[in-house]
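Visitor: fold the following.
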Amino acid sequence: MSDIPVGSPPVPPGRHAAPSGWYPDPTDLSQERYWDGWQWSRNTRAGENPPAHGYPGAQNWRAASAPGAQAQQPYQPQPQPHQQPYQPYQQPYPGQHSPQPWGLAGAGRPANTALTADGVPLAGWWWRVLAVILDAMLVWLVAAVPSIPIYAKVVNAMSAVLAETLRAARAGEPTPAVPPINQFLSATDQLMLVLIALTVGMVYHSLFLRFSGATPGKMICGLRVVPVEQGQYRGRLSWATALVRAAIWVAPGAISYLVLFRVLDVLFPLWHPRRQAVHDIVAKTQVVKIR
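Guide: Purely as a prediction, here's the structure:
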């Protein structure tokens, strides 16, 4: 671990185009530092066959960072005779070995795959959406069971309206107006439906996250929820993490006027550099693809 603040080392050319991964540390050429696709992280490891050039050394960086130091031109490495210029953000240097957790083979992985600091691929947005759909179906099926008595009231009320409409048609009378469906339920019944949805959703998501690290939908899609930048983590999430993540995800789905927040939460991984949704950011988690 380095004591420099995150983002302090000089950034490489095309910093936002560089894929996440391990690269020579701009402050110490004897080690490597993890680039998360957006900025340098605090994670370092011993380097293997570091290049003779490619970044300014730690002493140059500290001198440039000293108070009153003159601004320097960006470092431009020059190719050596009979030697190809080193390009750290286009190809790995000789001897670099990427970890292959969860049995993943790096040969078939796209070059721009986003990874955690320990080398596990982050879940793609469409995989997460598919997992959400599967989980929503399962939660709805479970919540429907205790909701049957309430829905039975709606069915009986609508049957009475239909019978009155048929009677009026046979008698040649005007067709009675059909009230909105929410008028078939009392305020108490509507509140009970919301409470059932919240309770089932919280129990479903928090328990599976706490004890399995993934809901059934995520398991089917080969996804797992882990602490930030710890893709190879196989332990259990804490109760606090599981409950906070579940609450931020479940509440907007059960309360209609929070639907815009739910939409933002779902779309957030599309532009976030670590592919985190809002509930991931608050709970300090990430979703990784383990198969």
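
Visitor: three-state assignment of the closest residue in space to Arg128 that isn't next to it in sequence?
Guide: Nearest residue to Arg128 in three dimensions, chain neighbours excluded: Val287, at 6.1 Å (C-beta to C-beta, 6 or more residues apart in numbering). Heads up, the C-betas are built off the backbone N, CA and C, glycines and all. When classified by DSSP: H, G, I helix; E, B strand; the rest coil, Val287 comes out as strand.

Visitor: one more: Arg210?
Guide: helix.

Visitor: give the bridge partners for the residue nearest to Arg128, please.
Guide: Val287 has these beta-bridge partners by DSSP bridges: Val225.

Visitor: quick one: buried residues of the helix or strand where Leu191 lies?
Guide: For Leu191, the host element (DSSP states H and E) is helix 187-212. Under the neighbour-count criterion of 16 or more other C-beta atoms under 10 Å, helix 187-212 has 189, 192-193, 196-198, 200-202, 204-206, 208-210 buried.

Visitor: which stretches in the stretch 51-200 of the chain count as helices?
Guide: 58-65, 125-171, 187-212 (DSSP state H, counting those that start in this stretch).

Visitor: relative orientation of the second one and helix 187-212 in degrees?
Guide: Compare the direction of helix 125-171 with that of helix 187-212 by axes from the mean of the first three to the mean of the last three C-alpha atoms, to 10 degrees and you get 160 degrees.

Visitor: against which helices or strands is helix 125-171 packed?
Guide: For helix 125-171, the elements it packs on are helix 187-212, helix 216-221, strand 223-227, judged by 3 or more C-beta pairs under 8 Å, 6 or more residues apart in numbering; DSSP states H and E.

Visitor: take the ones you listed and write them to a markdown table, including mean pLDDT.
Guide: Putting these into a markdown table (pLDDT from 0 to 100) gives the following:
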| stretch | mean pLDDT |
| --- | --- |
| helix 187-212 | 91 |
| helix 216-221 | 95 |
| strand 223-227 | 96 |
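
Visitor: same list (the ones you listed) but as a markdown table, adding distance to Asp135.
Guide: Output for the helices and strands packed on helix 125-171, formatted as a markdown table (distance: least, C-beta to C-beta, whole Å):
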| stretch | distance to Asp135 |
| --- | --- |
| helix 187-212 | 7 |
| helix 216-221 | 4 |
| strand 223-227 | 11 |
